[in-house]
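Visitor: Sequence plus the predicted model coming up.
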Amino acid sequence: MEDDHLTKHTQHHPHVVIFPLPIQGPINCTLKLADLILSLSPATVSVTFLTTNYTRRRLLLHSNTAARLEHDYEPRFRFETVPDGLGPDDNPRELPDLTMALEGQAQAEGSRLRKVLAFGSAEAGLKKPVTCVIAEAFYGCMVDVAKELRVPLVYFETISPCCLWTFFCIPNMIQAAQLPFQG
């Protein structure tokens, strides 16, 4: 499949799959990113936005962004969904459970998620080889998945600059004995 994917990938127009964490902040940031890619790129670039069934339903109920992107950029923008593996909508969706479930699906050969990452869709008639994956930095498994699929991977971090700065400062604060806080 890998050689077949690589051959097909060089014969088609650019196709980006965006795979954010299925929570509000990352979804908002990556929808804006998808909008920028589509508005600033040639008409040959397409984007598949990959999220969970649960998140897609919530987007349709509480936002017009998804419908606007599908309308404005059709057929270059598409949503693809995968189950999150956490059961019915009334089950709690904790971030560690979500990331573990989605990483497991991404690594599993033949899974719907794996097919979408490789071809932008699991449906035979909609498959178009992916030329780049933009994934939330939380998904550590994506390095191996992208290597196996032979596509470039761009990690996209959606945390705030203040939070990112804090992450960078913590090791220095520990080394300077400023953390943990005393008293």
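Guide: Yep, that arrived. Numbering: from 1, shown residues only.
Visitor: drop to CA atoms for contacts and neighbour counts, all remaining ones
Guide: OK.
Visitor: For stretch 101-121, buried residues please.
Guide: Applying a neighbour-count criterion of 16 or more other C-alpha atoms under 10 Å, the buried positions in stretch 101-121 are 102-107, 112-121.
Visitor: tell me which of these is nearest to residue 40?
Guide: Distance to residue 40, by C-alpha to C-alpha, is smallest for residue 120 among these, at 20.5 Å.
Visitor: my read: the closest one touches residue 130, true?
Guide: Yes. A contact is recorded between residue 120 and residue 130 when judged using C-alpha atoms under 8 Å, the distance being 6.1 Å.
Visitor: Can I get stretch 101-115 as CSV, trimmed to CA atoms?
Guide: Written as CSV, here are the backbone C-alpha positions of stretch 101-115 (Å, rounded to 0.1, in the frame of the first residue of the first chain):
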residue,chain,number,x,y,z
ALA,A,101,-8.6,6.2,21.8
LEU,A,102,-7.7,8.2,18.8
GLU,A,103,-4.0,7.3,18.9
GLY,A,104,-5.0,3.7,19.0
GLN,A,105,-7.2,4.1,16.0
ALA,A,106,-4.5,6.0,14.1
GLN,A,107,-2.0,3.2,14.7
ALA,A,108,-4.4,0.3,13.8
GLU,A,109,-4.0,-0.9,10.2
GLY,A,110,-7.3,-0.8,8.3
SER,A,111,-9.0,1.5,10.8
ARG,A,112,-11.3,4.2,9.5
LEU,A,113,-9.0,6.9,11.0
ARG,A,114,-5.9,5.4,9.3
LYS,A,115,-7.7,5.4,5.9
